[in-house]
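Participant: The following comprises the amino acid sequence and a computationally predicted model.
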Amino acid sequence: MSSPLRLQYFNCRGHCEPIRLLLADHGTPHEFTEYALDDWQEYVKTKEFSVEVPYAALPVFNDPRNGLILAETSAILEYLDGLAERRKR
């Protein structure tokens with residue numbers, strides 16, 4: 001079984017909300033990691049930060065099936081829409 005899609009964002013609505021709605025609408029299984037703003041300031045200082053959040057911006061989307069990492073809302077939405085289209089075929 002492959003790893004699920006992974007999405008990371010702050011524990012609030014914002015740029016990530018359209019992505020979460022699209023994932024829910026398509027019934028796409030995924031993991032969601034939330035960051036509290038207070039914790040974010042400390043997390044940025046860790047080694048894991050550069051690996052987990054390579055563009056130093058959220059939201060970050062990871063598809064472990066092909067190693068794809070995206071960090072822009074519109075790019076993530078376009079990618080997910082393409083996945084949904086491929087599933088329909």
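Facilitator: Perfect, I can see it now.
Participant: And the strands in this protein?
Facilitator: For the chain, the strands defined by DSSP state E occupy 5-10, 30-35, 60-63, 68-70.
Participant: now, of these, which is deepest in the fold?
Facilitator: Each of the strands of the chain was scored by mean neighbour count; the highest is strand 60-63, a mean of 22, by mean count of other C-beta atoms under 10 Å. In this view, the C-beta of every residue, glycine as well, is placed from N, C-alpha and C.
Participant: Including mean pLDDT and distance to residue 51, could the strands of the chain go into TSV?
Facilitator: Formatted as TSV, these follow (pLDDT from 0 to 100; distance: least, C-beta to C-beta, whole Å):
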stretch	mean pLDDT	distance to residue 51
strand 5-10	93	12
strand 30-35	92	13
strand 60-63	94	11
strand 68-70	93	10
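Participant: Longest helix in this structure, please.
Facilitator: helix 73-88 (DSSP state H).
Participant: Give the rounded mean pLDDT of that one.
Facilitator: Confidence over helix 73-88 (mean pLDDT, whole number) is 86.
Participant: Outside of it itself, which residues are in contact with it?
Facilitator: 7, 15-16, 18-19, 22-23, 26, 28, 59, 61, 63, 68, 70 (C-beta atoms under 8 Å, 6 or more residues apart in numbering).
Participant: For the residues you listed, could you give me TSV that also reports distance to residue 41?
Facilitator: Listed next are the contacts of helix 73-88 as TSV, based on distance: C-beta to C-beta, whole Å:
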residue	distance to residue 41
7	21
15	19
16	19
18	26
19	23
22	29
23	27
26	34
28	31
59	18
61	22
63	28
68	28
70	24
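Participant: and residue 62, what is it in contact with?
Facilitator: Applying C-beta under 8 Å, 6+ apart to residue 62 gives the contacts 5, 6, 7, 8, 68, 69.
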